[in-house]
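1. Make a model of this:
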Amino acid sequence: MSADKQGEKWRSVALMSTKFTTVRLTINGEHFEILVNPDNALNYKLGRKVELSQVIAVDEVYSDSSKGLRVSAEKLKKFFHTSDVAQAAKAVLERGDLQMTTDQRRRLVEEKKKQIINFISRNFVDPKTGLPHPPMRIEQALLQVRVSIDAFKPVEEQVKAIVDQMRAILPMKSEKMRIMVKVPAQFAPQSMGVLKGFGESHKEEWGADGSLTALLEIPAGAHAALLEKLGAVTKGAAQVNVIR
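-> Below is the predicted model:
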């Protein structure tokens, strides 16, 4: 390839790299990079269904994408057991680290924060009133204690440490309650999905007429939300009694 053509190809890659981001993988000290569409690549990494053609921007594997330095077929064969660039690029995508944009990181943290607030609201109550704290109050407490939120770590793994920090300014206790739910036959199938999303079922009985009676253990903070969701599904026909 002539120097002019090499320069033109490098300028083309450099221009593309301003629109795309990279996925980087290091194997035994050797560096591999691919150019990807930022949002589609993030969705792919999060396990959402996205076509590879919408993720990988260029069917090339680079040692340095900013300089347009491609990895040789021999090296691909050595490290990925294939000389097929598309297959090697897919391996880099799946095993490598996505270089997220600042906006992506911000959005992921905000999304995870909402999940954490919802989890705390559903699973913890104010010891004085026995009622869940409003989401706004929980969010303000999070800001006050300057909690660090990991965008990729599951909510359940972060909540204990976060609640321990928040308790200094927002009293909370975890409390469960048992409820007995009775649903008419015409709403029973839809109601099962709602109930399973709120707690652990200890007993289910189906009547001869198709009606459902279930004993459920749920977080005390989720009681109001369950009543609202169940009421919407059953048009207010469900009967809910607190056992304890």
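2. Give me the distance from stretch 61-70 to the chain's centre.
-> 31 Å (Cα atoms, centre = their mean, to the nearest Å).
3. can you list the domain ranges for the chain.
-> 3-98, 102-173, 175-242 (automatic domain parsing).
4. Quick check: mean pLDDT of the last one?
-> In this model, domain 175-242 has an average pLDDT of 87.
5. in terms of contact count, name the helices or strands touching the top helix by length along the chain.
-> Across the chain, the longest stretch assigned as helix under DSSP state H is helix 102-123. On a contact count with 3 or more Cβ pairs under 8 Å, 6 or more residues apart in numbering; DSSP states H and E, helix 102-123 meets helix 38-45, helix 135-145, helix 155-166. All C-beta atoms are positioned from the backbone trio N, CA, C, and that covers glycine.
6. what about the strands in the protein?
-> Read by DSSP state E, the chain holds these strands, from start to end of the chain: 21-27, 30-36, 62-64, 69-70, 97-98, 124-125, 173-174, 176-183, 200-206, 212-219, 239-242.
7. which of these sits most buried?
-> strand 124-125 (a mean of 24; mean count of other Cβ atoms under 10 Å).
8. Listing partners with orientation, what would you give for that one?
-> Using DSSP bridges, strand 124-125 pairs in its sheet with strand 173-174 (antiparallel).
9. can you list contacts of the partner strand?
-> Strand 173-174 is touched from outside by 123, 124, 125, 127, 219, with contacts defined as Cβ atoms under 8 Å, 6 or more residues apart in numbering.
10. list the contacts for the third one?
-> Residue 125 sits next to 131, 132, 133, 172, 173, 175, 220, 221 when contact means Cβ under 8 Å, 6+ apart.
11. Report the beta-bridge partners for it.
-> Beta-bridge partners, per DSSP bridges, of residue 125: residue 173.
12. And it, how close does it get to residue 132?
-> 5 Å (Cβ to Cβ, to the nearest Å).
13. any common contacting residues for those two?
-> Common neighbours of residue 125 and residue 132 (Cβ under 8 Å, 6+ apart) are 220, 221.
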